[in-house]
Structure formats: structure tokens, C-alpha cells
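J.: got a structure for you, letters missing:
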């Protein structure tokens with residue numbers, strides 16, 4: 001009849017143990033009770049979770065990336081943090097270095113940075129800048145890393161209902177490129193968490209090979225499950241191009257890709273053939289996979305016009321020609337139903353100094369859920385031409401919104 005306080009520390013995530021409590025009287029057990037205890041799982045954050053803080057790398061020297069940083073600073077204020085790029089060997093790919101997750105109980109909460117084994121310039125940022133009493137850091141795997149071990153290739157969907165199975169914390173998804181996969185130790189660990197039952201997607205068509213290059217999720221309270229999935233679609237991309245005059249000028253594309261106007265893109269038959277193969281062999285099968293494994297319907301999927309190109313040194317594989325707008329950073333508000341979205345500027349216009357009159361932006365904003373406020377970010381030089389976009393160069397810490405022990 002006395003309160004019994006037990007403090008149990010576990011070095012494992014989502015581990016279970018059985019405690020046997022016995023009451024003895026004069027050496028005789030008069031009552032015995034088994035209690036199952038479980039340590040908290042590690043749950044990868046998704047886009048319906050409110051954002052606490054967003055971050056990127058920053059360089060304000062000559063030719064710096066301030067056109068990328070300023071929109072975050074202007075919109076988010078002290079909810080945005082930047083780190084000196086020159087301190088980390090000019091490695092801008094902050095998303096690739098770590099993936100944020102949560103581990104918590106009814107009385108404690110801890111943020112967690114899953115640190116990648118990519119070990120490039122940002123290798124020590126998590127320990128130097130993030131590690132604290134409220135933020136833990138851990139790494140799984142010590143094998144030689146491939147591009148799939150970068151965490152633009154590790155994401156989680158919002159909560160989904162798949163047949164009779166509810167995933168209240170969403171499902172993890174990551175990509176496989178030919179035989180290259182996320183390191184086995186991390187895959188095994190994520191499988192063991194059970195709650196987010198990971199799904200592997202075939203992304204062999206992409207040169208860099210990260211899932212954030214072609215798909216993302218956005219909060220939308222008008223949608224059946226509270227979100228929409230945005231995925232690139234090259235058929236929509238060519239329909240968009242064909243809706244424009246052939247002499248619609250694209251000065252930035254002319255400088256970078258020698259596609260000075262819309263007609264030049266449309267007349268490139270090998271480019272169209274590459275894109276048609278991507279749609280048939282990869283985009284459509286991945287859409288079907290999302291429908292099967294995430295319980296999505298066509299109503300919940302927004303197909304985004306996109307054209308891919310075959311970058312130099314990556315023959316046969318693709319990267320975004322039009323900046324990959326689905327590769328955006330999503331700062332979700334506390335309600336979990338709306339967000340500020342920081343989106344790569346497509347520069348589909350003659351006047352590069354203003355987004356007014358941009359034909360692509362006009363089409364995209366019509367597709368964007370009303371719950372999303374767009375902010376267009378110039379990532380062309382530092383990110384887009386280096387085969388990445390806004391999401392690749394940023395990262396977000398999010399708050400948990402559901403109690404795992406209730407499911």
C-alpha cells in the first residue's frame with residue numbers, strides 16, 4: 001500500500017523488460033506481480049510536427065550565399081540559426097549530415113540528431129553546436145558511406161492509415177540506388193523501432209540519389225488525412241512548357257544549360273526521352289508504392305511539373321533542370337495545420353530581380369495548398385547548380401505531437 005518509485009535507465013531505444021515485484025512476509029511470497037516496462041523509441045520527425053528551429057550554413061564573404069540565408073532570417077527571426085560555412089570546410093549540405101528525431105516519456109523530452117556517417121566538412125557540427133542536455137547525438141554504422149547515407153535520403157511521412165493499420169507517427173522512407181543502400185546498422189535500428197515501419201524506394205534514376213529530390217509532404221487540413229504529398233511529374237512539366245510561347249525567354253537557363261528559351265528545351269529530343277523514361281520507370285512506380293505502403297489516394301497527391309536533365313559526369317542519371325521545388329524546407333506552425341515553405345526560385349522569367357511574371361511560380365502557387373505560405377529562395381548558384389536545393393541546405397528541429405505509449 002506504499003507508493004513505489006522506480007527509476008530505470010535503458011541504453012537501448014524501444015527495449016522491453018519484465019520486472020517482478022514480490023511482497024514477502026516471514027520469508028513467504030504472499031503476492032507477485034509482473035510489470036512490463038518499455039524504453040522510449042526514437043521517432044523520426046515529420047512535416048506535421050510544429051517546427052522549433054530551422055538552420056542553414058552561412059557565408060557572407062565575396063560571392064557568399066546570403067541570397068539563400070536572408071529569406072529564412074526575414075521570416076523566422078530568432079527561430080532561425082546559421083553556422084559559419086568557413087568553419088566547416090564549405091560543406092553547405094546541412095540536411096545530409098543529420099536527421100532530427102524525438103525520444104520522450106510522460107515526464108521527459110529529448111531531441112535527437114541521428115548523425116550521418118558521410119563524414120565530410122560538417123562531420124563535427126552536431127557535437128560542437130547541437131549536443132546539449134536537451135539534444136543527444138548518435139551514429140549507427142561505420143562502413144564506407146555512399147550517397148544513400150546522406151539524410152536528404154531519410155524522411156518520414158505524416159501519420160497515415162494503411163488499410164487496418166494506423167501509423168500515428170508516419171512511416172520512414174528512404175531510397176535505394178542500384179545496390180547502394182542506407183548503411184545496414186541504421187536500417188536495422190530503424191526497423192527495430194517498429195512504430196514507423198520503414199519503406200525503401202527505388203531512386204536509381206537520380207544522380208545524387210536522395211528521396212527529397214522528388215517528393216515531400218505538406219500540412220493541409222482540407223485533405224483526408226491532414227496533408228498532401230507533392231511529387232514531381234515530367235508529363236506535367238512538358239504540358240507546362242507547351243502552354244508557353246516558344247520564344248519565352250529564360251536567360252539564366254541559357255547561361256547555365258544553353259536553353260535560352262522554351263522552344264530550345266522542347267526541341268531537345270534526347271532530353272524528352274530521358275524524362276519520359278524517368279516518369280514511366282520510376283515516378284509512376286513510386287507513386288503506386290506510396291499508395292500501397294502509405295495508404296494514399298490520388299486526391300492526396302499533387303503532381304508537380306518538373307523537367308530533369310542529365311548532368312555532366314553523371315551520364316544516364318538525372319538531376320532537376322527546373323530547380324526542384326518539392327525540395328523545400330517546411331516550417332510548420334504550432335497548430336500543425338499550416339506552414340511557411342521556403343522554396344527554390346525557378347527563375348522561369350526574364351526579369352531575374354523579381355518573381356513577378358514568373359510563369360512557373362504562377363502555376364506552382366495554384367497547386368500549393370492554401371495552408372502554405374510560399375517564400376521563394378535564390379539557391380541557383382550555391383545549391384541548384386551543385387545538384388541540390390533548399391531542403392538539402394537546411395534542417396529543422398520539430399516538436400513531438402503524439403504520445404507513443406498511447407498506441
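T.: Done, it's in. Note that the structure is predicted; figures quoted are calculated from it, not measured.
J.: so how many other residues sit close to residue 97?
T.: Residues within reach of residue 97, counting by other Cβ atoms under 10 Å, total 26. All C-beta atoms are positioned from the backbone trio N, CA, C, and that covers glycine.
J.: what's the burial count for the closest residue to it other than its chain neighbours?
T.: In this structure, residue 97 finds its nearest non-sequential neighbour in residue 122, 4.1 Å apart by Cβ to Cβ, 6 or more residues apart in numbering. Using other Cβ under 10 Å, residue 122 is surrounded by 25 other residues.
J.: Residue 122 and residue 94 touch, don't they?
T.: Yes: assessed by Cβ atoms under 8 Å, residue 122 is found in contact with residue 94 at 6.6 Å.
J.: what touches both of these two?
T.: residue 57 (Cβ atoms under 8 Å, 6 or more residues apart in numbering).
J.: Now do residue 286 against residue 294, distance only.
T.: The spacing between residue 286 and residue 294, counted by Cβ to Cβ, to the nearest Å, is 11 Å.
J.: What is the burial count for residue 89?
T.: Residue 89, neighbours per other Cβ under 10 Å, totals 10.
J.: can you check residue 61 too?
T.: 9.
J.: thought it was touching residue 86?
T.: Yes: with contact defined as Cβ under 8 Å, residue 61 counts as touching residue 86 (7.5 Å).
J.: hang on, the earlier thing: please report how far the residue nearest to residue 97 lies from residue 185.
T.: 20 Å.
J.: do residue 178 as well
T.: 20 Å.
J.: The two: which is more packed in?
T.: Using other Cβ under 10 Å as the criterion, residue 178 and residue 185 rank with residue 185 on top: 14 against 11.
J.: what's the more buried one in contact with, if anything?
T.: Residues near residue 185 by Cβ under 8 Å, 6+ apart: 140-143.
J.: Quick check: phi and psi at it.
T.: With angles defined as degrees, to the nearest 10, residue 185 sits at phi -60, psi -40.
J.: measure it to residue 192 for me?
T.: 11 Å.
J.: now the strands for the stretch 1-150 of the chain?
T.: Applying DSSP state E, counting those that start in this stretch to the stretch 1-150 of the chain gives strands spanning 16-25, 28-38, 43-44, 51-58, 80-84, 98-104, 109-115, 135-138.
J.: deepest of those, which one?
T.: Mean neighbours per residue, mean count of other Cβ atoms under 10 Å, is largest over the strands of the stretch 1-150 of the chain for strand 43-44, with a mean of 26.
J.: who touches it?
T.: Strand 43-44 has contacts (Cβ under 8 Å, 6+ apart) with 99-103, 114, 154-156, 169-170, 172, 190, 193, 195-196, 400, 404.
J.: Name the residues of stretch 130-145 that are buried.
T.: 130, 136-137, 139-141, 145 (16 or more other Cβ atoms under 10 Å).
J.: Stretch 306-326 now?
T.: Neighbour-count burial for stretch 306-326 flags 306-311, 317-326 (criterion: 16+ other Cβ under 10 Å).
J.: same deal with stretch 245-258?
T.: 248, 250, 252-253, 257.
J.: Outside of that stretch itself, list whatever touches it.
T.: Here stretch 245-258 has contacts from 259-266, 309, 321, 347-350, 352, 359, 380, 385, using Cβ under 8 Å, 6+ apart.
J.: Select only the buried ones of those residues in ChimeraX?
T.: Only the buried entries of these go into this ChimeraX selection, using 16+ other Cβ under 10 Å:
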select :259,260,261,262,264,265,266,309,321,347,348,349,359,380
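J.: Could you check what's spatially nearest to residue 342, not counting adjacent residues?
T.: Leaving aside its chain neighbours, residue 342 sits nearest to residue 329 (4.3 Å; criterion: Cβ to Cβ, 6+ apart).
J.: separation between the one you found and residue 378?
T.: Noted for residue 329: a distance of 14 Å to residue 378, by Cβ to Cβ.
J.: Neighbour count for those two, which is higher?
T.: Each of residue 329 and residue 378 has its neighbours counted (other Cβ under 10 Å); residue 329 has more, 29 against 21.
J.: State the distance from the residue nearest to the spatial centre of the chain to residue 189.
T.: Centroid-nearest residue in the chain, with Cα atoms, centre = their mean: residue 155, separated by 4.7 Å. As judged by Cβ to Cβ, residue 155 and residue 189 stand 16 Å apart.
J.: swap in residue 234?
T.: For residue 234 relative to residue 189 (Cβ to Cβ), the value is 35 Å.
J.: Compare those two (neighbour count), which wins?
T.: residue 234 (23 against 18).
J.: Phi, psi for the more buried one please.
T.: Main-chain dihedrals, residue 234, degrees, to the nearest 10: phi -80, psi -20.
J.: can you pull the contacts of the residue nearest to it when sequence neighbours are not counted?
T.: Sequence neighbours aside, residue 275 is the residue nearest to residue 234 in space, at 4.0 Å (criterion: Cβ to Cβ, 6+ apart). Taking Cβ under 8 Å, 6+ apart, we find residue 275 in contact with 234, 237-238, 307-308.
J.: what ranges do the strands span in the stretch 151-300 of the chain?
T.: Using DSSP E, counting those that start in this stretch, the strands of the stretch 151-300 of the chain run over 154-156, 160-162, 165-167, 172-176, 199-202, 215-219, 227-233.
J.: Same list (those strands) but as CSV, adding mean pLDDT and distance to residue 34.
T.: Listed next are those as CSV, based on pLDDT from 0 to 100; distance: least, Cβ to Cβ, whole Å:
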stretch, mean pLDDT, distance to residue 34
strand 154-156, 98, 34
strand 160-162, 97, 33
strand 165-167, 97, 28
strand 172-176, 98, 32
strand 199-202, 98, 35
strand 215-219, 98, 41
strand 227-233, 98, 41
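J.: Among those strands, which comes closest to residue 335?
T.: strand 215-219 (8.5 Å; Cβ to Cβ).
J.: Paired strands for the closest one, with orientation please.
T.: strand 227-233 (antiparallel) (DSSP bridges).
J.: List the buried residues of the strand it pairs with.
T.: By neighbour count on 16+ other Cβ under 10 Å, the buried set for strand 227-233 is 227-233.
J.: before we move on, what about stretch 65-79?
T.: Going by neighbour count (16+ other Cβ under 10 Å), the buried part of stretch 65-79 is 65, 68-69, 71-72, 76, 79.
J.: which residues touch that stretch?
T.: 51-54, 56-60, 80, 82, 85, 92, 329, 331, 340, 342, 375-379, 382-383, 390, 393-394.
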